[in-house]
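Undergrad: Next comes the sequence, and after it the predicted model I'd like to discuss.
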Amino acid sequence: MDIQIYSRNACNDCAKVKRIFLFKNLAFNETRLGRDVLTRNEFVAEITKKAGKKLTSLPQVFIDGKLIGDLNATARHFNVNPRSIP
């Protein structure tokens, strides 16, 4: 399973989405705004191309190239209550 997370620093939802994968013992790749993608415009261009639609919020998760979405969509995908994630 190829898991790609797009995130940024100081983002509570980004940290929670990563914890879902850590709790499930699933490896993931992370692209972080400001570290791997230098500007917001570069981020929007990269993620829009990958998703096939404009996405501007973080986090965004892709599994095997398919857009799963933000924290809530990822939690639903894995049957996890996002409020239960520390």
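TA: That came through, no problem.
Undergrad: what distance separates the helix or strand of the chain with the lowest mean pLDDT from the middle of the whole chain?
TA: Across the helices and strands of the chain, mean confidence by mean pLDDT, DSSP states H and E is lowest for helix 40-51: a mean of 88. Averaging C-alpha positions (CA atoms, centre = their mean, to the nearest Å) puts helix 40-51 13 Å from its chain's average.
Undergrad: same question, stretch 2-11
TA: On the basis of CA atoms, centre = their mean, the separation between the geometric centre of stretch 2-11 and that of its chain is 4 Å.
Undergrad: Would you mind writing the CA trace of that stretch as CSV?
TA: This file holds the C-alpha atoms of stretch 2-11, laid out as CSV (Å, rounded to 0.1, in the frame of the first residue of the first chain):
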residue,chain,number,x,y,z
ASP,A,2,1.5,3.4,-1.1
ILE,A,3,0.4,6.1,1.4
GLN,A,4,1.2,9.7,0.7
ILE,A,5,0.3,12.5,3.2
TYR,A,6,0.5,16.2,2.4
SER,A,7,0.9,18.2,5.6
ARG,A,8,2.4,21.3,7.2
ASN,A,9,4.0,22.2,10.5
ALA,A,10,1.9,23.2,13.5
CYS,A,11,-1.2,21.4,12.1
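Undergrad: those helices in the chain, which residues are they?
TA: With DSSP state H applied, the chain shows helices at 12-23, 40-51, 71-77, listed in chain order.
Undergrad: Looking at those, which is nearest to residue 32?
TA: Among these, helix 12-23 comes nearest to residue 32, with 8.3 Å by CB to CB. (Glycine included, C-beta is placed from N, CA and C.)
Undergrad: which helices and strands does the closest one pack with?
TA: For helix 12-23, the helices and strands in contact under the criterion 3 or more CB pairs under 8 Å, 6 or more residues apart in numbering; DSSP states H and E are strand 3-8, helix 71-77.
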